[in-house]
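Chemist: Predicted coordinates and the sequence they were generated for:
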There are 2 protein chains.
Amino acid sequence: MAAVTLKDVAERAGVSIKTVSNVVRDAPRVSDATREHVMRAVRELGYRPNASARRLRTGRSGLIALAVPDLATPYFAELAQHVRAQAAKLGLTVLIEETLGDAKEELRLATGVGAALLDGVILSPLHASLDQLAPVASEFPLVLLGERNYERDRLTADHVLIDNVAAAREATAHLAGLGRTRIAAIGVDRKASATSRQRLEGFQLALHTAGLTYDPRLAPTVQDFDRHNGLLAMRTLARLPAGVRPDAVFCFSDMLAVGALRALHEAGLSVPGDVAVAGIDGSDEALYSTPSLTSVVPDRAAIASLAVKCLATRIRSEEDPAPFEVHTAPHWLETRESTVGGRLALP
Amino acid sequence: MAAVTLKDVAERAGVSIKTVSNVVRDAPRVSDATREHVMRAVRELGYRPNASARRLRTGRSGLIALAVPDLATPYFAELAQHVRAQAAKLGLTVLIEETLGDAKEELRLATGVGAALLDGVILSPLHASLDQLAPVASEFPLVLLGERNYERDRLTADHVLIDNVAAAREATAHLAGLGRTRIAAIGVDRKASATSRQRLEGFQLALHTAGLTYDPRLAPTVQDFDRHNGLLAMRTLARLPAGVRPDAVFCFSDMLAVGALRALHEAGLSVPGDVAVAGIDGSDEALYSTPSLTSVVPDRAAIASLAVKCLATRIRSEEDPAPFEVHTAPHWLETRESTVGGRLALP
């Protein structure tokens, strides 16, 4: 299919390129007769307006990208829907990209093919460092999702996040409030990601407040925040001798918690009778699991709305950028069967 | 950010546009000295090769899109990962789009912004009809995923699918083989989608083979193949009087089955003791649910590989298109706790 250009359409219609451009852009003050005449040539030639050409002409394509580590993680798939809905309100189309947490891919997305085509990028980086991303953010509209190790006075990009320390602290305090005393944490990350470290910090703060001692045997490391790692970690914990074995566990993601529930089922341990389980993400999978999973729910709609608005502002002010900012979205704890027991009916 | 053009780079480097183009395209027979000289200008000006410009120049952008109804459905999110992996092998980059099953959006994706930029589209349509899609397929590389109501001698696009009638038949035969006699179906679609009708056909064939009679009371309609509709349908079935109430249920998706498991838990019915449950999709969520869910597993890697290869062929032969084809990917049944009971350890 040879690309049909504005020029081809103009020649066919016997009008100027400017006139074709006006019709195609739906500009005002084009007569109906002219519009109809030009659109006939557009149809005959199969001309399609070109997003990148639009960017060259207007400086904007109306396209932004959302780049997340993994679409098979429900948290990101559900977040993507909110971002699309929020972007649509501002007339922006969202392309969704999956980085699989690869630092090079994360950088490529913000600097490679994408930048020529896109007005901006919302990126949830797993492994690209802020130092790597800083030059990108300084020359291209970029909003980062998720907690990073930034210092407020040396921000290198816009951030949207929840207060992870508080979130982890609330979930752990809930477990302690049930009278559990040997509370485990699943999600200590060998790579010491910011998410993992902040959730561990909140976990330890809650233990301290409850007068409990942190026992490293109850905090096995994981490689990833997925179901399989939750399964493996909980199997390890379930094999600990009585007296050490946990009676509760806070998992640093719902996927880890789903894996932990499965390991407890395999081991013949009851939830929450033997072990109470809480997660974080507020995923639909957690709501429908049996037992339904107590989880910290980040306000996804707020995260999406903050990220899209922040990016739109950055795109508008590209020539005269404002200082970078941190936006914190709300979260709350939803207690369900996996900690309080009983048989809850879903709405 | 003003767009930097090849011309800007050529002027800065004091060479021809053709030379810059050769360097940027990594063409052979460019001296190292020239390459280094031009690349310095590229870096100084922040020039980025433009995907759409590349398409105008070479006729190809190297970009394809995968458009699925809903990324929050694990089946599609997991499929997307396979498509990306397969496309990468052929040097193609995949943009992922979500249609939310809207027919207009499905058509827009194949004809609007996308087409100017993309080499081709893999589309999993829910509601756009083949008649609507046929003109698109005739002028733009398009591969359709999933079963449609086509007749082999009047194909209007390439298709990749599994044998849904056989898949539903095998799952239902498994339930009948366990001695269940009142087998329900959850997934009869008010919109009579092809997927729903073919799975119902396989379900009915298996009942017939087992000498069981189809009871419409055991086939409630759903609005969507999601967890919530599975929950509602199973609640209705669980309220049927003894003697009518099902002792097994085949759900037309894993999400429906997850909702059904939850409704059975709420009703205090045991799985598989009171009711055996089977799904279809082979999702990770089904594997990790408690009880783990018996499911028909479509060979996602094969579906992705067939779709990408088929699209790549169609892109290559755009000027001289071959007849449309149907490609059938394998599937198999994985029996787990929700039908055979016990306590299975995951790998």
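Modeler: Great, that's in hand.

Chemist: Give the full set of residues in contact with A:F324.
Modeler: By C-beta atoms under 8 Å, 6 or more residues apart in numbering or on different chains, the residues touching A:F324 are A:A137, A:L155, A:T156, A:A157, A:D158, A:H159. All C-beta atoms are positioned from the backbone trio N, CA, C, and that covers glycine.

Chemist: How about the secondary structure of A:L237?
Modeler: Secondary structure assignment for A:L237 (DSSP: H, G, I helix; E, B strand; the rest coil): helix.

Chemist: what about it, distance to A:D247?
Modeler: Plainly put, A:L237 is 11 Å away from A:D247 if you go by C-beta to C-beta, to the nearest Å.

Chemist: give me the low-pLDDT residue ranges for chain A?
Modeler: A:1-6, A:21-22, A:24-29, A:43, A:46-59, A:108-117, A:148-154 (pLDDT under 70).

Chemist: Next, the contact list for the most centrally placed residue in it, please.
Modeler: In chain A, the centroid-proximal residue (C-alpha atoms, centre = their mean) is A:F76; its distance is 4.8 Å. Taking C-beta under 8 Å, 6+ apart, we find A:F76 in contact with A:V68, A:P69, A:D70, A:S124.

Chemist: ok, so of these, who is nearest chain B?
Modeler: A:D70 (8.0 Å; C-beta to the nearest C-beta).

Chemist: picking that back up, more neighbours: which of A:L237 and A:D247?
Modeler: Between A:L237 and A:D247, counting by other C-beta atoms under 10 Å in any protein chain shown, A:L237 is the more crowded of the two (25 against 18).

Chemist: Narrow the contacts of A:F76 to those in strands?
Modeler: Secondary structure from DSSP state E places A:V68 of the contacts of A:F76 in strands.

Chemist: can you put the contacts of A:F76 in TSV and add distance to chain B and neighbour count?
Modeler: As requested, the contacts of A:F76 are exported to TSV (distance: C-beta to the nearest C-beta, whole Å; neighbours: other C-beta atoms under 10 Å in any protein chain shown):
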residue	distance to chain B	neighbour count
A:V68	10	26
A:P69	11	23
A:D70	8	21
A:S124	14	21
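
Chemist: Pick out whichever of the contacts of A:F76 sits closest to B:H331.
Modeler: Nearest to B:H331, judged by C-beta to C-beta, of the contacts of A:F76 is A:D70 at 24.6 Å.

Chemist: right, and that closest one touches A:E97 too?
Modeler: No - in this structure A:D70 lies outside contact range of A:E97 using C-beta atoms under 8 Å: 11.3 Å.

Chemist: just the strands in chain A please.
Modeler: Counting by DSSP E, the strands of chain A are A:63-68, A:93-98, A:120-123, A:142-145, A:158-162, A:183-186, A:188-189, A:221-222, A:248-251, A:276-280, A:294-298, A:326-329, A:331-334.

Chemist: what packs against the last one?
Modeler: The criterion is 3 or more C-beta pairs under 8 Å, 6 or more residues apart in numbering or on different chains; DSSP states H and E, and the helices and strands that strand A:331-334 contacts are helix A:164-177, strand A:294-298.

Chemist: List the strands paired with that strand, with their directions.
Modeler: The strands beside strand A:331-334 in its sheet (DSSP bridges) come out as strand A:294-298 (antiparallel).

Chemist: Using PDB, list the CA coordinates for the strand it pairs with.
Modeler: C-alpha atoms of strand A:294-298 as PDB (Å, rounded to 0.1, in the frame of the first residue of the first chain):
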ATOM      1  CA  THR A 294      -7.900  -8.500  52.900                       C
ATOM      2  CA  SER A 295      -6.000  -5.900  50.900                       C
ATOM      3  CA  VAL A 296      -4.800  -2.300  50.900                       C
ATOM      4  CA  VAL A 297      -6.600  -0.600  48.000                       C
ATOM      5  CA  PRO A 298      -4.600   2.200  46.200                       C
END
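
Chemist: quick one: that strand to helix A:164-177, angle?
Modeler: Counting by axes from the mean of the first three to the mean of the last three C-alpha atoms, to 10 degrees, strand A:294-298 lies at 160 degrees to helix A:164-177.

Chemist: quick one: contacts of strand A:294-298?
Modeler: Residues contacting strand A:294-298 (C-beta under 8 Å, 6+ apart): A:162, A:167-168, A:170-171, A:174, A:254, A:257, A:276-283, A:286, A:329-340.

Chemist: now swap in stretch A:220-228 and tell me
Modeler: A:73, A:184, A:186-190, A:229-230, A:232-233, A:236-237, A:252-253, A:255-256, A:258-259, A:262, B:284, B:288.

Chemist: Let's see which of the residues you listed end up in helices.
Modeler: A:229-230, A:232-233, A:236-237, A:255-256, A:258-259, A:262, B:284, B:288 (DSSP state H).

Chemist: Tell me the buried residues within these.
Modeler: Neighbour-count burial (16 or more other C-beta atoms under 10 Å in any protein chain shown) applied to these gives A:N229, A:G230, A:L232, A:A233, A:L237, A:M255, A:L256, A:V258, A:G259, A:R262, B:D284, B:Y288.

Chemist: Who are the contact partners of the last one?
Modeler: So the one you mean is B:Y288. So B:Y288 contacts A:R227, A:L231, A:V258, A:G259, A:L261, A:R262, B:L346 (C-beta under 8 Å, 6+ apart).

Chemist: who touches A:S270 in this structure?
Modeler: Shown in contact with A:S270 (C-beta under 8 Å, 6+ apart): A:L264.

Chemist: With the one 5 residues further on instead?
Modeler: By C-beta under 8 Å, 6+ apart, A:V275 lies in contact with A:P246, A:D247, A:A248, A:V249, A:L264, A:L269.

Chemist: For chain B, see how far away it is.
Modeler: 14 Å (C-beta to the nearest C-beta, to the nearest Å).

Chemist: how far away is that residue from A:V249?
Modeler: Counting by C-beta to C-beta - A:V275 and A:V249 are separated by 6 Å.

Chemist: can you check A:A238 too?
Modeler: From A:A238 over to A:V249 (counting by C-beta to C-beta), the distance is 10 Å.

Chemist: was I right about A:D247 contacting A:D274?
Modeler: Yes - counting by C-beta under 8 Å, A:D274 is a contact partner of A:D247 at 7.1 Å.

Chemist: was I right about A:E147 contacting A:E201?
Modeler: No - using C-beta under 8 Å, A:E147 is not in contact with A:E201; the gap is 10.8 Å.

Chemist: Could you check which of those two has the larger neighbour count?
Modeler: A:E147 (22 against 14).

Chemist: Now do the contacts for that one.
Modeler: A:H159, A:L161, A:I162, A:N164, A:A194, A:T195, A:Q198.

Chemist: burial measure for A:L207, as a count.
Modeler: Based on other C-beta under 10 Å, the number of other residues close to A:L207 is 23.

Chemist: Could you find the closest non-adjacent residue to it?
Modeler: Nearest non-adjacent residue to A:L207, counting by C-beta to C-beta, 6 or more residues apart in numbering or on different chains: A:Y214, 5.5 Å away.

Chemist: shouldn't the one you found be in contact with A:L205?
Modeler: No - using C-beta under 8 Å, A:Y214 is not in contact with A:L205, being 10.1 Å away.

Chemist: Among the two, which residue is more densely surrounded?
Modeler: A:L205 (16 against 13).

Chemist: What sits closest to the more buried one if chain neighbours are left out?
Modeler: Using C-beta to C-beta, 6+ apart, the closest residue to A:L205 is A:R169 (5.1 Å).

Chemist: That neighbour against A:A206, yeah?
Modeler: Yes - here A:R169 reaches A:A206: they are 4.6 Å apart, a contact under C-beta under 8 Å.
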